[in-house]
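Participant: sequence below, structure please.
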Amino acid sequence: MAYTLGHNQYGKAETRVVRVLKGAGRHELLEYNVSVALAGDLAATHLTGDNAGVLPTDTMKNTVYAFAAEDAVVTQPETLGLRLARHFTDTVPSVTRARVQIAQTPWRRADAYGEPHPHAFVRDGGHLRTATVTCAEGRDWVVSGVRELILLKSTDSEFSGFMTDPYTTLAPTSDRVMSTAVTAQWWHTHDEPDWAGSFAGATAALVETFAAHHSLALQQTLYAMGSALLDRSPGVAEVRLSLPNRHHFVVDLSPFGLANDNEVFHADDRPYGLIEGTVRRDGAPDPELAFDPGQGW
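Facilitator: As a prediction, this is how the structure comes out:
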């Protein structure tokens with residue numbers, strides 16, 4: 001029986017690098033979790049064990065550390081991802097595609113006696129900023145994103161008029177808590193001159209729309225959030241959103257002789273509804289290699 005080797009890639013996953021940027025009397029702190037995946041003419045190592053075209057994954061780790069020392073590169077995850085992906089496709093003859101995924105851990109400056117301390121930091125429990133850069137065939141694809149952006153609105157959300165069957169027990173509601181942990185990825189059609197400003201504008205569009213939008217369904221809110229991001233970011237062609245519905249159920253307090261006018265809830269983390277969708281700019285080009293199909297949403 002004959003077999004054929006299908007798509008394959010290899011790399012170094014989750015290299016954690018912390019960089020201290022030392023200014024005069026004031027430090028900045030950056031922390032990235034970097035994953036590299038390379039693909040190309042690599043069949044020999046699978047079929048015969050010939051490693052002549054294989055760059056060791058340990059070398060990839062060292063490259064991440066080395067490039068993190070470049071001040072002009074390390075300050076934004078997109079620029080670090082571009083530097084790494086271009087390096088691997090330019091210098092490894094067997095590699096035709098490099099994908100670099102970066103998650104940035106947020107830190108904020110610690111207060112000391114009422115003032116921000118110049119070199120002490122507190123881990124910020126907020127969202128993770130992400131960037132995925134792919135280089136192949138002489139082209140770059142840059143996808144910025146956010147994970148674990150946790151949002152909640154205590155009213156201004158409905159869900160009714162849905163289909164029912166013999167197994168349906170959910171009651172329609174015109175007033176509910178809506179909460180989610182946003183995962184979003186958006187594809188830039190060209191390099192941004194200000195990656196940090198672009199990210200701030202995109203995330204602000206997501207948060208502001210979630211807050212202001214009167215929701216008849218989480219699906220409707222997803223589309224509104226994606227549309228607002230595209231409105232705010234003219235260089236973005238497509239945004240993909242994954243919104244788990246973090247359910248909050250009203251607790252029945254009647255056995256205790258108490259009323260509950262949507263004030264006391266039970267937060268249930270699973271099972272949960274998972275709403276996912278893509279919003280594309282009309283006439284936008286095909287994203288091709290922008291999004292990694294192996295990573296889902």
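
Participant: the stretch 1-150 of the chain: helices as residue ranges?
Facilitator: All helices of the stretch 1-150 of the chain, identified by DSSP state H, counting those that start in this stretch, fall at 43-47, 57-67, 71-74, 77-91.

Participant: which stretch among those approaches residue 187 most closely?
Facilitator: Closest approach to residue 187 among those (C-beta to C-beta): helix 77-91, 11.8 Å. To be clear about C-beta, it is placed using only N, CA and C from the backbone, and glycine gets the same treatment.

Participant: what's in contact with stretch 107-119?
Facilitator: For stretch 107-119, the surrounding residues in contact (C-beta atoms under 8 Å, 6 or more residues apart in numbering) are 25-27, 29-31, 120-124.

Participant: any idea how far that stretch is from the chain center?
Facilitator: Centroid separation between stretch 107-119 and its chain, computed with C-alpha atoms, centre = their mean, to the nearest Å, is 28 Å.

Participant: now that stretch - C-alpha only, CSV.
Facilitator: Presented in CSV, the C-alpha positions along stretch 107-119 are these (Å, rounded to 0.1, in the frame of the first residue of the first chain):
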residue,chain,number,x,y,z
TRP,A,107,2.4,44.8,32.4
ARG,A,108,1.7,48.2,33.9
ARG,A,109,3.9,50.4,36.0
ALA,A,110,3.6,49.9,39.8
ASP,A,111,2.7,52.8,42.0
ALA,A,112,5.1,53.8,44.8
TYR,A,113,3.9,56.5,47.2
GLY,A,114,1.4,57.8,44.8
GLU,A,115,3.7,58.0,41.7
PRO,A,116,4.4,55.5,38.9
HIS,A,117,7.6,53.7,39.8
PRO,A,118,10.3,54.0,37.1
HIS,A,119,11.3,50.3,37.2
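
Participant: what's the mean pLDDT across that stretch?
Facilitator: For stretch 107-119, the mean pLDDT works out to 95.

Participant: buried sites along it?
Facilitator: For stretch 107-119, the neighbour count (16 or more other C-beta atoms under 10 Å) marks residue 109 as buried.

Participant: just to revisit the earlier point, now the helices of the stretch 1-150 of the chain in JSON lines, with mean neighbour count, distance to residue 287 and mean pLDDT?
Facilitator: Converted to JSON lines, these look like this (neighbours: other C-beta atoms under 10 Å; distance: least, C-beta to C-beta, whole Å; pLDDT from 0 to 100):
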{"stretch": "helix 43-47", "mean neighbour count": "13", "distance to residue 287": "27", "mean pLDDT": "97"}
{"stretch": "helix 57-67", "mean neighbour count": "16", "distance to residue 287": "25", "mean pLDDT": "97"}
{"stretch": "helix 71-74", "mean neighbour count": "13", "distance to residue 287": "25", "mean pLDDT": "95"}
{"stretch": "helix 77-91", "mean neighbour count": "21", "distance to residue 287": "16", "mean pLDDT": "98"}
